[in-house]
Each structure stands twice: as C-alpha cells, then as structure tokens.
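Novice: how would this look folded up:
(2 chains)
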2 protein chains.
Amino acid sequence: MERLINPEDHIHRRETADLLIFNVLLILTIMTIWLFRQRRVRLLHETGGAMLYGLIMGAVLRYGTSPSLSQSTLIFSCWNLQTTPATLMVNLSDQVFEYRYIGEVANDNVKAHQGNKMLRKLTFDPEVFFNILLPPIIFNAAYSLDKRPFFHNFGSVLTYAFFGTVISCIVIGAIMFGFVQIMSNLGQIEAMDLFFTDCLYFGALMSATDPVTVLAIFTELHVDADLYTLLFGESVLNDAVAIVLSSSIAAYRPPESPAAFSASAFFLSVGHFIGIFAGSFAMGTLYTFITALISFVLYLLNSGIGFTKQITKFTNLYEYPQVETGLFFLMSWSAFLSAEACGLTGIVAVLFCGMTQSHYTYFNLSSEAKSITKQVCEFMNFLAENFIFCYMGLAMFTFLNHVFNTLFIAGAFVSFHWLAFPTFKPCTCTTIFASRACNIYPLSFLLNLGRKKKIPCSFQHMMMFSGLRGAIAFALAIRDTSTESKQMMLTTTLLTVFFTVWIFGSGTVPMLSCLSIRVGVDPSEDSKAEITTQTDARERAWLFRMWNAFDHNFLMPILTRSGSPLTTTLPAWCGPFARLMTSPQTYKSRENVENLSSKPTTNIPDIVVSPETTENNDRQASPPANQENMQERELGLGGFVLRVQPCGVGSKV
Amino acid sequence: MERLINPEDHIHRRETADLLIFNVLLILTIMTIWLFRQRRVRLLHETGGAMLYGLIMGAVLRYGTSPSLSQSTLIFSCWNLQTTPATLMVNLSDQVFEYRYIGEVANDNVKAHQGNKMLRKLTFDPEVFFNILLPPIIFNAAYSLDKRPFFHNFGSVLTYAFFGTVISCIVIGAIMFGFVQIMSNLGQIEAMDLFFTDCLYFGALMSATDPVTVLAIFTELHVDADLYTLLFGESVLNDAVAIVLSSSIAAYRPPESPAAFSASAFFLSVGHFIGIFAGSFAMGTLYTFITALISFVLYLLNSGIGFTKQITKFTNLYEYPQVETGLFFLMSWSAFLSAEACGLTGIVAVLFCGMTQSHYTYFNLSSEAKSITKQVCEFMNFLAENFIFCYMGLAMFTFLNHVFNTLFIAGAFVSFHWLAFPTFKPCTCTTIFASRACNIYPLSFLLNLGRKKKIPCSFQHMMMFSGLRGAIAFALAIRDTSTESKQMMLTTTLLTVFFTVWIFGSGTVPMLSCLSIRVGVDPSEDSKAEITTQTDARERAWLFRMWNAFDHNFLMPILTRSGSPLTTTLPAWCGPFARLMTSPQTYKSRENVENLSSKPTTNIPDIVVSPETTENNDRQASPPANQENMQERELGLGGFVLRVQPCGVGSKV
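Specialist: Residues are numbered from 1 along each chain as shown, chains lettered A, B, ... in the order given. You can find the predicted model right below:
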C-alpha cells in the first residue's frame, strides 16, 4: 500500500509527535509535583521524579517501539519529491544520526536526509540548553537572590564559588587522570586520547553543583538562613565559574603537544578565564544600567518629575506593565545575546544581569510589572528546570552514542573510605564528594579564621552533602560529544546526576536530623539576632561598607528612584546635573507614597528606616510594610532579613 | 592575518548577532509603543511602527553592510576543521541560501556549509511562525474573547467567518486569475505555471484579516460593542477558516492535469476542509475537557469536597499557581502538537482550545493562576505580534527571492471604481477590498433579514474598511516559497500588508467620524439596553438556548465548579455518579465564598444572579462584583455585558 504522504509532512509530524512526548512527560511531572507537594513527600524530590519519568519514557521509546516500517518505506520514496532537491546532506561517518531537516526559506522545501537507519532519537541540538533552557533558570536564580544575606556572606560565598570550584575541578581532574592512567595500562582506551586537560575539563563540568532539591527542602523546613545563603549563593556563582572554567580549559592548547605543559598556554588560559568572566560581568551590568536608566526615564516621564517636568505634556501615571516587562526581558536577553555574539559567556552575563536588575531596575518598575516579571521568571524557571530533568532521564536511553566505561565510571563513583565523613561513619564517599570535601573543609577552616560568626562543623558537613549535580553539568557535558572520550564523560555525568539527585536528594531530611541542624527557624527572630551582630560585621567589612555607600549615594539615585537625592551626595560643581536628574521635592513625596503602596516581594529598597528619618517625614508607616516583606520572603527564599543601615544615610536624608 | 576562530563559533556568533538585531528592533518598537500610548498617537499604530522599524533595519542590513570580508575567508578555511566532517551539505541549485548549521547531537559538531556567496539574510524557518509565533497570538485572541456578546452575535460571526471567507477567497482568486490570463498573454509568466487553484490559494491566504490596529483603536475609543464583537469574532474565526481553506486548496490535485476541473478532486478537497476543521475543533475541545477535568479534580482534592472527601488527607486549600499554570499551558500546547501530529491544523485546535479553556478550565483555576494565565497569555501575544510585524518589515529587504511582478501586484491593488463605496465617493477600491465588499454587503443584507437588531450601513462600511491583512496572511505566504509564483505571492502579500496597515490603520479614526459611528459608548448603559432586547433574542435563538441549557446543566457542573449541581440535573438513575462528582452541601457554601472573593477579569461565571436565587442564599454580594467585572471588561475588550440568564436555572438552583 502506498500512501501519498509528503516526506516533509511526515518529518513535521514526527517532530511534533516528539515534542508531544516531552509535553506529556512534563504534564505527568507537574501532576506528580502537585501530588508530592500536597502530600508533602520528601523522599523523592520532584526533580528526581521528573528524571524517573524521563527514564521510563526513554526505555519505552528505546525498547518498546518497533523500528517503524513506515520510515523504511519513506527513505526510498524519493519519487515523492516533486522538485529537484536544492541541497543534499551526505553522511560521511559511520555514526547514527538523527535526521533533522534543513530549513531554507528561499528554496524548495525539500528536506533531503541521509539514508541511515533512523532511530527515534528525541534529541535536541545541545545549544538549545545553553541558549534557551539555561538562561531562564540562571536568570531566575539571580533575580530571586535575596541580596542582603548574600552580601552579608559575600566573602564566604565568593571563596567557595571561585576557589572551591577551582579546587574541586583540579581534584576531580587529578583523580580521573589517575584512573585514565590505569585504564591505559589495561589497554581500555587505545582508541581515545585522554590527556590531563580532558580530565580537568571533566572536573570543571562536574564542579557545577545544583542543589535545587536540597534548597527546596531547606525552604520548606525553614533551615538556618546562613546555611541556606551559603549554599544558594555558592551554587548560583559556581555555575558561572564552572562554565567559564570549562571553556578556558578547552581553550588551553599547548603548541607542542596536547600532553605537554606549556606555561604560555597555561597563562593564556588563565587570562581567558579572567577575561571571559570580567567581560561577561561587564556586559551583564551594562545592560542592567541601560535598562534601569530607560525605565527610570520612563517613570519620570510618566509622572512628570525632575527634568521631565518641562517636557512632559501629560502628568498621568499611566502604567504600561507589558511595555515595562517586555523591555525588561528583552534587555536581559540582549545581555545574553551580546555576550555570546562577542565571544563571552552569555549565561554568566545573564547571571550578573539578573542580580543587578533586581537591585536597580526592579525599583523602577510599576507594582504590576514587578509582579509580572517575578511570575514570568518563576514560571519559565519551573518549566525549564522540569524539562531539563525529564530530558536527562530520557537521554539515558535515547542518546545513541553512550560510552559506558566501567573504570571511568568507577573513577567517578569510587569509594574513598579514608576520606569518610568525620561524623557519619559507614559511608561511601565518591570522587565528586572527595572533591567537594577538599573544597568545603579547608576553605571553611580558612574562612572561620576571619569570620566572626563561624561556620559550624554541621553546616560544613551539610554543604558537603549538598553537592548534587544537575542541569549545568549535564548541559556542559552534552555540549560537546564529538569524540568517544567526550561521550564517555556525558554518560558518566548522567549517571552522577542520577546518583546524586536520587540518593542524596532523598537523604537531605535524614541528614539534617543526623547533623542536628535546627529547622523551623523563625526568620524574624533570626534577623533580630542578626541586627545585634550586624554592627560589628559592618565595621569590619570596609569594602562592603564603601561599596554600599557608593551604591546608595550615586548608583541608586542615578539609576532608580530610591537612594539619597543626588543634590546632597554629588559635589557642588555637579549641581546642574544633579538637579536635572532629580527634583527632591516631588521626589521625596513620591517616595513616601511608593513606600506605603508598593511591596516588593524579595527585595527591600536600600532606603532604610532609621529613627532619624522617621522623625521629619511621615515614614512611620514603613516598618509594618517591612514586617510584611519579611513574612513574604520567608515563603520565598527562606533568607533572613538584615536591616542593614547603610553608613551615613540617616544623617543625610 | 589569520585568526583561530572555530567556524562553528563564528556561525554561533553570527546567529546570536542576528537574534540581537531582532531584540534591538523589538526594544525600539516597545519604546515607541510606550511613546505612542503616552502621547495618544493614533495616526500610526504600533504595529505600523514595528513594520517601519523592520523596514529601516532591513534596508540598512541589505545596503549598508559590506559583503563581509571575514566570511569569504571563512568559507575556504576548511583547515580549521579539526575532524572529518560527519555530514556534507551540497547545494544543487543556483539559488542563494542562508547557511544554517545542521545540529547533530551525536556526532562531530562540524557544520559543513555550502560555498555560495552568503548574504546576511536574517530569515527564519517559516515553520517558526506556525509553531511558535502564531499559537500564542491565536490562543490569546480566543482566551480573551468575551464570550457573551460573541455568542449573542454567534450566527452573524459564523456567517462572516465561513461564507465570507469563502466568498472572499473565490473573488480574489477569480480577479487574480483574470490578471494571470493577461500576464500570460503578455508573455510575462512563461516560466511559471499559475493555475486557477494557485490563484485561489492566493485568495485564501489573502482572506485572513487581522484588524489588530482597528480593534486597538476601537477599544481605546469605546466604539459600539456590537461592531467590535462582529469584527473581533469574525477575525478570530476567519484566520482558522483561511488556514484550513488554503491547505484544502493545496490538497486539490486533479489526477488528469492541474488545470482541469475534477469533481472527485473537488469533493475530496471539500471533504478535506470539513474533516480538518472538525478534527481540529474536536482536538482542541478534547484537550480542554481533559484540562478542565484534571484541574477540577485537583481543586476537589485540594479542598476535600465531593468524592475526594474520603480520600483526601489534608483538607488544605493550598494553591500551587505554577502547577496549575504549567498544566494549563502545556495541555493547550499539547492540543496544538496533537493536531499537528495527526495531520490536522494546530492553530485551529489552539483557537478552539483557547475558547473552551476560558469557558471551563478558567473557573477551576485559583485566583492567582487566573491572573498568571491571563498575564502570560497577553505578554506572549504582545511579544509575538510585535515580532511578526517587525519581521515583515525586515523581510521586505532580507528575503532574497522576492518576485516583483507589476501586473500581479497591480492585480491585487487595482482600482475598481465601479465598486466604489456607496457613501464614500472618491475612493480607490482594491481587489482585496472588492473581495471584502462581496463578503460584507451581501452577507449583511442576508443577516439583516433575520436579525432583530439590524447591522446598520455604517457598521457594514466600517467592517469593510477594517479588512486589514496581517500576521496570518504573511505566515501562510511565507510557509511555501518553493516556486517563483509562490515567491511572487509572498511579495504581493507583504506589500498588501504594508498598504493596509499603514493606510487603513491610520484612517480608522477619520473613517469612524466620517461614518458617524458613535464612540465613547458606556458599556453599562449599553448592557441595560441589551437586557430588554435580550428576552426577545432568547426566545428566537432556540439552538443557542438548547446549547446553553445543556452546557449549564451538564458540562459546567462536570467540568467546573459552577453550573447547576449534577444531582438536580442528571436523571435519577445517574444519582451515584452525580453524588460522586459533587457534594452539594459543601459545594454551595464554597461557591458563595468563591463568588465573594474571586473576580474573573474577562469572564463571568455562568451562574447568573436572578432574584429567585438571591432569596435563598447569601448571594446578594454578587451583583456589585459583577458590576466591577463590567468596568474591568470595558478596559479589556470593550465588549458589552449581557446578563443572559440560562433558561430554567433560577427555578432549579
């Protein structure tokens, strides 16, 4: 029986059917999430559930479906083509590919495809992860980051994220290189060249931790805010470090031979790391500054304040939340695209863009736009995250070039009894946890030398335990599967993700009770305690203090409608500019109105209510609003609220 | 100077730079929109502005950029490839293509590309329009459709949408075929075979109207609600008809010769039309029913009402807006994908899915999820619409295979002085408006024979004037550009879109005053007047009445938490099922709570407040809530509110 199905039509149907499978998986996952949340299931986290569904669906697709008769008919049905193909794709390799039609707009819509045996593969272009799925996840993490506790623990977080990731990368690389040496002695890797740099590359991608499971449980149980902030802050930044680190290692190309060490190539790589990181940071913040300025000017024009008083015809407070939201997201995505177009790392740019957007632009948005940006961010994050975990499960079966190398996998999972936890005896420590131990314990020791509020041992153990691997490690691994060794790394990464998410994700609650970490912490109590220790901390952290003063006196008033009026902070000769940018009279009164009406959900404006300021204007209504914020934040990120009072503000306002 | 840029890197950078250009265009458009709205500019609508920006950017890219030296270097830099390419793409034609790398997951990430002169083309796979950009636009139109006035004018809207589109298609096809005959006599189209079916295809794609500009102005000026509903309802449905019509015409393949008429092929085509339309409708509503049932069960489980009373442990009213929203959108997208995978039309499925989702599922959502779904829908629509209009401007210059055929374009734009408007003398009527005249005037005449409230002549003229072409026509035209004649159609479509959006979009306000159509209509007054005429209308529209009774007595209570309790509407032998699905006691009390607290923005639940019902329970708080809805709806769609009281409800509740 011959059917007159256009091959192109057939491909389109297959593609939509593939997407439908993902949709069904996501729907199942979402319904499971609902069930888990309603029943308060903590044994298997929703991300673990998503992976499980993916795995089952992958197995069904791999082994349950017949090699589809219709396809083999299709391949030879070239008489179906009504015009000469404009392009032909010739497969020169012996590998199995997914056919993927080549979209040309300008020519015959003939999708010539190679004549290999086509397996239903359900794989995406790996760039989809980097360009579509990861940015919303990273942006949301950065945008929802509670900046006060984050900046309070800034030094510690930076230390873990930078030094810790580098240590972790080197430790994993070294251990894996040892196993590779064993493998080559056993003659297992004749076909592939695995150099030390390859092992380091594997180390870098395995250093990106993703404790989404642990953090969800922390939020639910109201775990100590310091622990939460350390872990969350580290995981947000360490993704960026791992991504740039892996690209720097990939860029390390000694001119002589890949195995030899070349000082010049090494320093080039280090320079690459610093350059990419700094460039991406600059790109992200640059776009935030532009967005904040535009939205500030829009706000001024809308309300007819400041220099716009003369040029604005209508002094209406019309709000266009879609315009604001559209601008906000398009500018943030532009930061990503600009960074990628310049050869920088878009995800890092998006990370810093998100952090700064929530620090500046957020305050210029109308209350409706604030709520929409938050909701859209969270929604995109929710979908992208569940999709990635589903896909990871699916990829275990649908990715066709898996390389299961027992020794390499054993290398990642090997037992190091000599590195057993101090408090948790009968345990099996894996390479990834060994690397994490080398990251957390020595760095915590060093940090505790300088910290007033020490990081207790139980926190250190918990942080070590929370070294789960997730989306970033997988995305980095699947980005490059060109050689057999890279395919082996992908397989090993996938297995590690499964192992950590299922085993360690489920072990979070027992581990918390085992380490007797206090749960059910009341954030308001916590913050009260913090306020007393805050003064000491403030005096010590001069860098933080300087930055805060600069931010509050110059950046905030230029970029947002909060902070000290420019007329008081800028030197006298800047007077005209200051007056142009702000009109203190209307400004102040507006600020009061804003304080009373708006309620940012995760951020408190830098304007801090101190006794001095409440005396001379009607801000007495603000403290209850702040109280409300605290309750809301408790449900959001679980962070504690520090009423940091930026130095010298009280006397100036 | 040789630089070690990976060709793949280079392609990636170029692609992100292309996306960045679109981003910048959209940002410019959005800022212009803000300016236009703030200054209340009505001369050029925002969509016209978007096209203008696209046109300028396209011209700059086409003529302003040099043929890029770096590319010609790149093409021959095959030594850059570090591995053997896995696939080779061979260009067999003499056309200029965009190079587009072939994403393989499993193999070398080498993107071999053909060695043609590569122009910066900035074109998308046309399927992107159909699979990514159009669905949110259509879904939002359907989801935000004010169903009461829509159903009130249901017959008229259907007539315009179905018969009108078919008439319009035939008229345009016939006129264009006349011009094609002239062209072939003049020897202009030797190379291309343009049959009558091709002209009909052009007629079908040109019949999809997109009066977004006009409707925006209608909303702003509060134009008569009947006119608004007729125009909006028609434009929503007529897109679906045009899409299915064009696919049916494309499916018309007489076995003998393409020029001959074959009755069997014709009836096959008609069957194709009916089958595709009915199938897509069924697919869309099926998914809505599933979504509504799932969300209803989730709601029951969450609140522990009905049959879930026994199985629900926690009777908490926990709300998981993200779960609900995720489910809502994924199911709606699944409707699209399922339809496409079955060879139906996804956009039509999404259209009916959107309409039914807002009729059933919407009422099962928590208030937060209601707000998120509305906001996400509107936001996606906002971005997609502006993107398409920007892209249309850009495509004028960046699409490389334009075929400007003066006669064909003249055919579309030709003057028909003999078809001049009756009331509007010195006018130039084009083919597209001639076809619209043949659609609107005869059908309005026929409809007025049956309508109690006649469609006045001024409304008919305004509807004729509002036959703007937009996104759907363009998407249909760009979907197939395989032959020269199709390319000619695309070029002509683009020019028509520009012409109608700029000229007729700007002429809306003058036209309204010229036709003395009343603006600034107070919807509450209007609805009062409607209520009196409603009773008559109700008695006549028995089909509508029957449907309404069935919907209210069976569908609503099964699928949502509103409508009559099943125990009263189902026959006695269905008792157990009815009791399983609802527990009237808790049900009623919950309903009251809901009525007091929730305020749907564009829909009023079918539970209607009638004097009988307010007497025996505490629903007296509802009327003010409804009043509030009316004010909100006025800002939303400009539709008027009919307090339709479904027959026999008052006595049953």
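
Novice: in chain A, spot the helix with the most residues.
Specialist: Secondary structure of chain A per DSSP state H: the longest helix is helix A:263-303.

Novice: just want the angle from the helix or strand just after it to helix A:263-303.
Specialist: Using DSSP states H and E, the helix or strand that directly follows helix A:263-303 along the chain is helix A:321-341. Between helix A:321-341 and helix A:263-303, the angle comes out at 160 degrees (axes from the mean of the first three to the mean of the last three Cα atoms, to 10 degrees).

Novice: and the helix or strand that helix A:321-341 is followed by, what does it pack against?
Specialist: Next helix or strand after helix A:321-341 toward the C-terminus (DSSP H and E): helix A:346-359. Using 3 or more Cβ pairs under 8 Å, 6 or more residues apart in numbering or on different chains; DSSP states H and E, the elements in contact with helix A:346-359 are helix A:134-143, helix A:147-152, helix A:225-251, helix A:263-303, helix A:321-341. (Each C-beta comes from the backbone N, C-alpha and C, glycine too.)

Novice: can you redo those as TSV with mean pLDDT, mean neighbour count and distance to chain B?
Specialist: Output for these, formatted as TSV (pLDDT from 0 to 100; neighbours: other Cβ atoms under 10 Å in any protein chain shown; distance: least, Cβ to the nearest Cβ, whole Å):
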stretch	mean pLDDT	mean neighbour count	distance to chain B
helix A:134-143	90	25	12
helix A:147-152	80	23	23
helix A:225-251	88	24	10
helix A:263-303	86	19	6
helix A:321-341	90	25	4
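
Novice: picking up where we left off before, what's the angle from the longest helix of chain A to helix A:346-359?
Specialist: Going by the same axes, to 10 degrees, helix A:263-303 makes 30 degrees with helix A:346-359.

Novice: thinking again about what came up before, would you reformat the helices and strands packed on helix A:346-359 as JSON lines and include distance to residue B:141?
Specialist: Shown next, in JSON lines, are these (distance: least, Cβ to Cβ, whole Å):
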{"stretch": "helix A:134-143", "distance to residue B:141": "26"}
{"stretch": "helix A:147-152", "distance to residue B:141": "40"}
{"stretch": "helix A:225-251", "distance to residue B:141": "39"}
{"stretch": "helix A:263-303", "distance to residue B:141": "28"}
{"stretch": "helix A:321-341", "distance to residue B:141": "16"}
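
Novice: list just the one of those helices that sits closest to residue A:557.
Specialist: Comparing the helices and strands packed on helix A:346-359 against residue A:557 with Cβ to Cβ, the closest turns out to be helix A:263-303 (9.8 Å).

Novice: and the closest one with helix A:225-251, angle?
Specialist: Here the directions of helix A:263-303 and helix A:225-251 differ by 130 degrees (the same axes, to 10 degrees).

Novice: who are the packing partners of helix A:263-303?
Specialist: Packing contacts for helix A:263-303, counted by 3+ Cβ pairs under 8 Å, 6+ apart, involve helix A:225-251, helix A:321-341, helix A:346-359, helix A:361-364, helix A:556-559, helix B:7-39.

Novice: distance to residue A:493 added to the ones you listed, as TSV?
Specialist: Converted to TSV, the helices and strands packed on helix A:263-303 look like this (distance: least, Cβ to Cβ, whole Å):
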stretch	distance to residue A:493
helix A:225-251	12
helix A:321-341	23
helix A:346-359	17
helix A:361-364	35
helix A:556-559	40
helix B:7-39	22
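
Novice: who in the stretch 401-550 of chain A is up against chain B?
Specialist: Within reach of chain B by Cβ under 8 Å from any Cβ of the partner chain, the stretch 401-550 of chain A has these residues: A:401, A:478, A:480-483.

Novice: just the residues you listed: which are in helices?
Specialist: Applying DSSP H to those, the entries found in helices are residue A:478.

Novice: any chance of TSV for the residues of the stretch 401-550 of chain A next to chain B, columns distance to residue B:338, pLDDT and neighbour count?
Specialist: Converted to TSV, these look like this (distance: Cβ to Cβ, whole Å; pLDDT from 0 to 100; neighbours: other Cβ atoms under 10 Å in any protein chain shown):
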residue	distance to residue B:338	pLDDT	neighbour count
A:401	31	72	17
A:478	28	87	28
A:480	35	80	18
A:481	31	80	26
A:482	36	78	17
A:483	39	79	17
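
Novice: the residues of the stretch 401-550 of chain A next to chain B: which two are farthest apart?
Specialist: For these, the farthest-apart pair by Cβ to Cβ is A:478 and A:483; their separation is 13.6 Å.

Novice: please tell me how far residue A:471 sits from chain B.
Specialist: 17 Å (Cβ to the nearest Cβ, to the nearest Å).

Novice: next up, the contacts around the nearest residue to that residue once chain neighbours are set aside.
Specialist: In space, and not counting its chain neighbours, residue A:471 is closest to residue A:388: 4.5 Å by Cβ to Cβ, 6 or more residues apart in numbering or on different chains. Applying Cβ atoms under 8 Å, 6 or more residues apart in numbering or on different chains to residue A:388 gives the contacts A:129, A:133, A:137, A:470-471, A:474-475.
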